[in-house]
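Engineer: No letters, just coordinates:
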C-alpha cells in the first residue's frame, strides 16, 4: 500500500508539473488570438517600411508642473539602420543662469531632472516603436489578451511586455489594418515611479499610418514630454 501511495504521489506531482509547463503553450494555441496577432505584426512591418520613405517635422514640448519649459523643433527621417535621425531646427533659448546659492540649487535640480528624463527615455525605447517580435514573444508566453471594441476594432493587452508588472495596450483596426492607439503603463525603479505613454495616430494620403502625437508622463517628477508630428513629405 505504501509503495502504491508513493507511486500515485509521484504521478500526481508529474502531472501537476506538466500542466504548469503546458499552460502558456495552451494559451498560445488560441486560433483567433494567433490570427489577430499575426495580422497585427504584418501590418506593423509593412507600415514601417512605408514610413521610411518620409521626412517630417517634430515639435517637442517639455512641461514641468504644468508649465512649458522648452520647445524644440526637429527635422526627422529614418536612417539606414532603421532608427530615426533628427536635425534640430529651432529651440527655446536656455534661461539665464542665476548666481549665488539659489542659482546653484536651481542648477542642481535641473541636472537631476535631466538625468531622470534620460533614464525615462532609455526605458521608453524598450516600447517604441511597437515591436512585432516582442509581441510574438508575449503571445507565446501567454501574456496577451484581446478585447473586441466594436466597429472592427480590437484592443490587444500585453502584460509583462518589457518588464514584469508593465502593461501595453494597442488598439488595431482589423479592416484597415491600422493602429488607432498605443498606450504604455510602466515604471522606472519601483511601481510607484509611474511612467506612461499615450500615442495617437494619423493617416497619410497613401494610407500610411504615422504618430500624430505622443504624450509621455513621468509623474514622480511631474514632467511631461509632448511631441507632435507634422509636414510629412515623401522622399
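Structural biologist: Sure, I can see it. Keep in mind that this is a model prediction, so the values were computed, not measured. Numbers count the residues shown, from 1 in each chain.
Engineer: Give me the sheet partners of the helix or strand hosting residue 169 and which way each runs.
Structural biologist: Using DSSP states H and E, residue 169 sits in strand 167-173. When pairs are called by DSSP bridges, strand 167-173 turns out to pair with strand 153-159 (antiparallel), strand 178-187 (antiparallel).
Engineer: Quick one: residues in contact with the first one.
Structural biologist: Same thing as strand 153-159. 36-37, 40, 135, 138, 143-149, 166-174, 180 (C-beta atoms under 8 Å, 6 or more residues apart in numbering). In this view, the C-beta of every residue, glycine as well, is placed from N, C-alpha and C.
Engineer: Give me the buried subset of the residues you listed.
Structural biologist: 36-37, 40, 135, 138, 143-144, 146, 166, 168-174, 180 (16 or more other C-beta atoms under 10 Å).
Engineer: got the strands paired with strand 167-173 as JSON lines, with mean pLDDT columns?
Structural biologist: Listed next are these as JSON lines, based on pLDDT from 0 to 100:
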{"stretch": "strand 153-159", "mean pLDDT": "94"}
{"stretch": "strand 178-187", "mean pLDDT": "95"}
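Engineer: could I get the ones you listed as JSON lines with distance to residue 231?
Structural biologist: Listed next are the strands paired with strand 167-173 as JSON lines, based on distance: least, C-beta to C-beta, whole Å:
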{"stretch": "strand 153-159", "distance to residue 231": "28"}
{"stretch": "strand 178-187", "distance to residue 231": "21"}
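Engineer: among the ones you listed, which is nearest residue 62?
Structural biologist: Smallest distance to residue 62 across these (C-beta to C-beta): 18.7 Å, for strand 178-187.
Engineer: So which residues make contact with the closest one?
Structural biologist: 43-44, 47, 123-124, 127-128, 130, 153, 162-163, 165-173, 193-201, 203, 209.
Engineer: Of the residues you listed, which belong to strands?
Structural biologist: 153, 167-173, 194-201, 203, 209 (DSSP state E).
Engineer: Quick one: residues contacting the residue lying closest to residue 203 once chain neighbours are set aside.
Structural biologist: Distance criterion C-beta to C-beta, 6 or more residues apart in numbering; nearest residue to residue 203, sequence neighbours excluded, is residue 209 at 5.8 Å. Contacts for residue 209 (C-beta under 8 Å, 6+ apart) come out as 47, 178, 179, 201, 202, 203.
Engineer: Got the confidence number for residue 149?
Structural biologist: Confidence at residue 149, expressed as pLDDT, is 77.
Engineer: beta partners of residue 54?
Structural biologist: Beta-bridge partners, per DSSP bridges, of residue 54: residue 234.
Engineer: just residue 70 next, same as before
Structural biologist: Under the criterion used here (DSSP bridges), residue 70 is bridged to residue 62.
Engineer: So it is in contact with residue 61, correct?
Structural biologist: Yes - the pair residue 70 and residue 61 passes the contact test of C-beta atoms under 8 Å, sitting 7.4 Å apart.
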